[in-house]
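> what follows is a predicted protein model with its sequence.
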Amino acid sequence: MADIGQKQAAASASSNARMAMPVNGAIIREYSKGKNDGIDISAPAGTPVKAAEAGTVAAITASADQVPIVVVKHADNVLTVYANVDGITVKKGDSVSRGQTLGKVAAGDPAYLHFEVREGFESVDPLPYVR
């Protein structure tokens, strides 16, 4: 019997979706324009955070609460935003490939990754991109 976890990982890596999920896990907070500009994905602290699509690291910054944020610029004026990332392994200006590790999920209760897709400056629901 095949390991379901391996099947899911293989499906996401070879998926026809425009982007790959940056971590495997349950969505614990859905996108809600103006309230939550992305999705929160539950994942154990230390889980590698992967680039959803090839692009260039546009910024590494932190929120007002000092939560680390990585922003990757993609084709067609699309950005992906990864927040709650620890041990960031890329720097501004780096080219990244789809699935490349950007860092790891920071410890927290619960531990999770906040993931956004932006078309220009507008946040959009990431789910259509990753499914």
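Perfect, I can see it now.
> where along this structure do the strands fall?
Applying DSSP state E to the chain gives strands spanning 27-29, 39-42, 48-50, 55-62, 68-74, 78-83, 85-86, 95-96, 101-105, 112-119, 122-124.
> ok, and what's touching stretch 124-131?
Under the criterion C-beta atoms under 8 Å, 6 or more residues apart in numbering, residues 17-21, 31, 38-39, 52, 115-118 lie in contact with stretch 124-131. For glycine as for every other residue, the C-beta is placed from the backbone atoms N, C-alpha and C.
> any idea how far Leu79 is from Gln66?
Using C-beta to C-beta, to the nearest Å, Leu79 is found at 21 Å from Gln66.
> of the two, who's got more company?
When Leu79 and Gln66 are compared for neighbours, Leu79 comes out ahead with 18 against 6, by other C-beta atoms under 10 Å.
> residues near Glu53, how many?
Neighbours around Glu53, by other C-beta under 10 Å: 21.
> coming back round to it: can I get the strands of the chain in CSV including mean pLDDT?
Converted to CSV, the strands of the chain look like this (pLDDT from 0 to 100):
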stretch, mean pLDDT
strand 27-29, 97
strand 39-42, 98
strand 48-50, 98
strand 55-62, 96
strand 68-74, 97
strand 78-83, 98
strand 85-86, 96
strand 95-96, 98
strand 101-105, 98
strand 112-119, 97
strand 122-124, 96
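> let's have the ones you listed in CSV, adding distance to Val130.
What follows is those, written out as CSV (distance: least, C-beta to C-beta, whole Å):
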stretch, distance to Val130
strand 27-29, 10
strand 39-42, 9
strand 48-50, 11
strand 55-62, 15
strand 68-74, 13
strand 78-83, 10
strand 85-86, 17
strand 95-96, 16
strand 101-105, 16
strand 112-119, 8
strand 122-124, 12
